[in-house]
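> Next one to model:
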Amino acid sequence: MNYRAAVYALFSIGVRRVVATNAVGAVNPDFRPGDLVVPHDLVDLTRLRRLTFYDEAPVTHIDFSEPYCPEVRGLLIESTGRRAGRTWDRAVLACTEGPRYETPAEVEVLRRLGCDMVGMTGVPEAQLAREFEMCYAALCVVSNMAAGMQRRLTAREVVEAVRAAAPRVQEVLRETVQHLPEDRRCPCARALEGARFQG
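Prediction:
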């Protein structure tokens, strides 16, 4: 997938906030299929994706101390609390290259790194959005336990879990969007201030 083209297309038509959804495998043994999660941090384990719009001068280093927009994230947390069942408001998402699922050994490494869940989407979308000063937050659906935590994993199982969670996800997204303030008061809107290195 051309992640840069997707984010640029949204930006070019005036989108300034993105609320993404991800299907993820649980690395944290407390998580269960069907849970909704609003992550607060991420670990990028991709290798082949184009990660920036700034391939040429000036060098641009965005601050990614808070990968997800705090304003949109806060609204997602409030909405999941009202509209969904079992939810988690803090979690670290590991993003892997795919398309294969992870091995049990890889999942064990992720657990030791402090990751709570793993998926194949979310990176580089979050950082590309930040480079355009767009807000980005994610709502994750736990579709399965990660490799080594259940006997076998199939794509059908993931699709069925996401389909079952779809009505709750739609309610959460609808309520979140309805409560977005007109003005952005988050740091995302000023992400490029001081980010460019002029030699």
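
> Please count neighbours and contacts with C-alpha atoms only from this point.
Noted.

> Tell me, how many residues neighbour residue 84?
A count of neighbours around residue 84, defined by other CA atoms under 10 Å, yields 17.

> just checking, next helix/strand downstream of the longest helix along the chain?
What stands out as the longest helix in the chain, according to DSSP state H, is helix 155-178. Per DSSP states H and E, helix 155-178 leads on to strand 196-197 as the next helix or strand towards the C-terminus.

> burial measure for residue 131, as a count.
The number of residues near residue 131, taken as other CA under 10 Å, comes to 23.

> That one reaches residue 62, doesn't it?
Yes. Assessed by CA atoms under 8 Å, residue 131 is found in contact with residue 62 at 6.7 Å.

> which SS class is residue 20?
When classified by DSSP: H, G, I helix; E, B strand; the rest coil, residue 20 comes out as strand.

> count of residues packed around it?
Neighbours of residue 20 (other CA under 10 Å): 15.

> what's the answer for the one 4 residues further on, then?
By the criterion of other CA under 10 Å, residue 24 has 27 neighbours.

> what's in contact with whichever strand or helix holds it?
Element membership for residue 24, per DSSP H and E: strand 17-26. Outside strand 17-26, the residues that touch it by CA atoms under 8 Å, 6 or more residues apart in numbering are 32-33, 72, 116-122, 134-146, 158, 162, 173.

> from those residues, which ones fall inside strands?
Counting by DSSP state E, the contacts of strand 17-26 place 117-119, 135-145 in strands.

> now for those residues, which pair is the farthest apart?
135 and 145 (29.3 Å; CA to CA).

> who has more neighbours, these two?
residue 135 (28 against 22).

> Surely the more buried one and residue 127 touch.
No. With contact defined as CA under 8 Å, residue 135 does not reach residue 127; the gap is 10.0 Å.

> Strand 17-26 and the host helix or strand of residue 80, what's the angle between them?
Residue 80 belongs to helix 70-83 when assigned by DSSP H and E. Angle, helix 70-83 to strand 17-26, by axes from the mean of the first three to the mean of the last three CA atoms, to 10 degrees: 60 degrees.

> Does anything pack onto helix 70-83? Which helices or strands?
Contacts defined by 3 or more CA pairs under 8 Å, 6 or more residues apart in numbering; DSSP states H and E place helix 70-83 against strand 135-145, helix 155-178.
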